[in-house]
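Asker: need a 3D model of the following:
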Amino acid sequence: MLEIWQSICFSDTNSIRQLTVDALKDLVIWSRSFMDKKVEIPVHTLEKHAMQVKANWPILERSKPAFRDVGYAAHQPHRHDYFEMFVTASGRGQIRSDGVDQTIGPVSVYVIPPGVVHEWQHFGEVDGFVARVPMNDGFEHLGSSFQSRCYLLQNLSSHRHLMSLLDWILDDAEMASSLMARHQWSLFLQSVGQKMEAEFDVCRQDDNSGLCGSFLALLERKFRLRWGVQDYAHSLGVSRSTLLRCTCENLNRSPAELIRDRTLKEAERLLTLTGDTCVEISEALGFLSQAQFTRAFTARYGLSPVLFRQNYLEKKGR
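Answerer: Reported below is the predicted structural model:
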């Protein structure tokens, strides 16, 4: 079929006419199957959503109207450039985040960081609200440990101070842009972040934890450009050694490790959720060659990209 495709692209009109009807049918089938593999993972922005709902951010909405008016298919794989937080008062929801199924019960908080691919499988009976928080604010208040992993805080009723803050925020939902509402948001997000950090066994060691959040937010925006540590440090206005000390003390990882892990996490998502070839993925993520990409991926996951995708498809087909 590739030969036929080349003849169409490079031959004259008379050559094209010489193709049989069956060959043309085969070409259409082949090209459709090729195009079907190209699955885009849409990224929804907070700025666009704020314009749609005519609200300031953080944006607080009741869950049912939020899902009805969201403007995209929440039941299909997608991601955001902001933190999305679901707080359930009653009912149960089912969500798949980065291929992992999670049930969200009543009186719970579920946080989805920027970039995480997710799809709601069931949320129709859940009552509660959806909070959408800018990336920088999320990393600052929730903590830097949220990078690329979701967090579920269950049985929220046992944390009375969180429930009080939640009720307070809901009462002031109409005044979301006020200074008091901002303060309420900060308290609530910091409280959830502290619970998460305790569960992940991570604690903030110094006053530079805010720098870690700024670095991770910048990393989420720039990782495809293959910036080095010095590029991030320069953009953040700090020295390379300051950034290294900050991430090691707060996240137990160097900036180089965080950059590598974020890039390869994206490769994992593209391998499992799209039909992009290894060459296309390596180019999209800024690797110099497919061989370089394969070496980096294999060192991180213990399998080549091809075998990783094959294993995923086999497990999915069971």
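Asker: CA only for contacts and neighbour counts going forward, please
Answerer: Will do.
Asker: please, where are all the helices along the stretch 101-250 of the chain?
Answerer: Using DSSP state H, counting those that start in this stretch, the helices found in the stretch 101-250 of the chain span residues 135-142, 160-171, 179-199, 209-222, 229-236, 240-251.
Asker: format these as a markdown table; extra columns: mean pLDDT, mean neighbour count and distance to residue 40.
Answerer: Converted to a markdown table, the helices of the stretch 101-250 of the chain look like this (pLDDT from 0 to 100; neighbours: other Cα atoms under 10 Å; distance: least, Cα to Cα, whole Å):
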| stretch | mean pLDDT | mean neighbour count | distance to residue 40 |
| --- | --- | --- | --- |
| helix 135-142 | 83 | 23 | 22 |
| helix 160-171 | 74 | 15 | 36 |
| helix 179-199 | 77 | 17 | 31 |
| helix 209-222 | 88 | 21 | 18 |
| helix 229-236 | 96 | 16 | 28 |
| helix 240-251 | 92 | 19 | 32 |
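Asker: which element is residue 94 on?
Answerer: strand 93-97 (DSSP states H and E).
Asker: and that strand, what does it pack onto?
Answerer: Here strand 93-97 touches strand 100-104, strand 118-122, going by 3 or more Cα pairs under 8 Å, 6 or more residues apart in numbering; DSSP states H and E.
Asker: can you give me the buried ones in the first one?
Answerer: Going by neighbour count (16 or more other Cα atoms under 10 Å), the buried part of strand 100-104 is residue 104.
Asker: I'd like the average pLDDT over that strand.
Answerer: Across strand 100-104, the average pLDDT comes to 89.
Asker: okay, stretch 86-96 in CSV with CA atoms only?
Answerer: Provided in CSV are the C-alpha atoms of stretch 86-96 (Å, rounded to 0.1, in the frame of the first residue of the first chain):
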residue,chain,number,x,y,z
PHE,A,86,-13.9,17.3,43.4
VAL,A,87,-15.5,17.4,46.8
THR,A,88,-18.4,15.0,47.2
ALA,A,89,-21.2,15.5,49.7
SER,A,90,-23.1,12.4,48.7
GLY,A,91,-23.2,9.7,46.1
ARG,A,92,-20.3,7.8,44.4
GLY,A,93,-18.3,8.5,41.2
GLN,A,94,-16.0,6.4,39.1
ILE,A,95,-13.0,8.0,37.4
ARG,A,96,-10.0,6.6,35.4
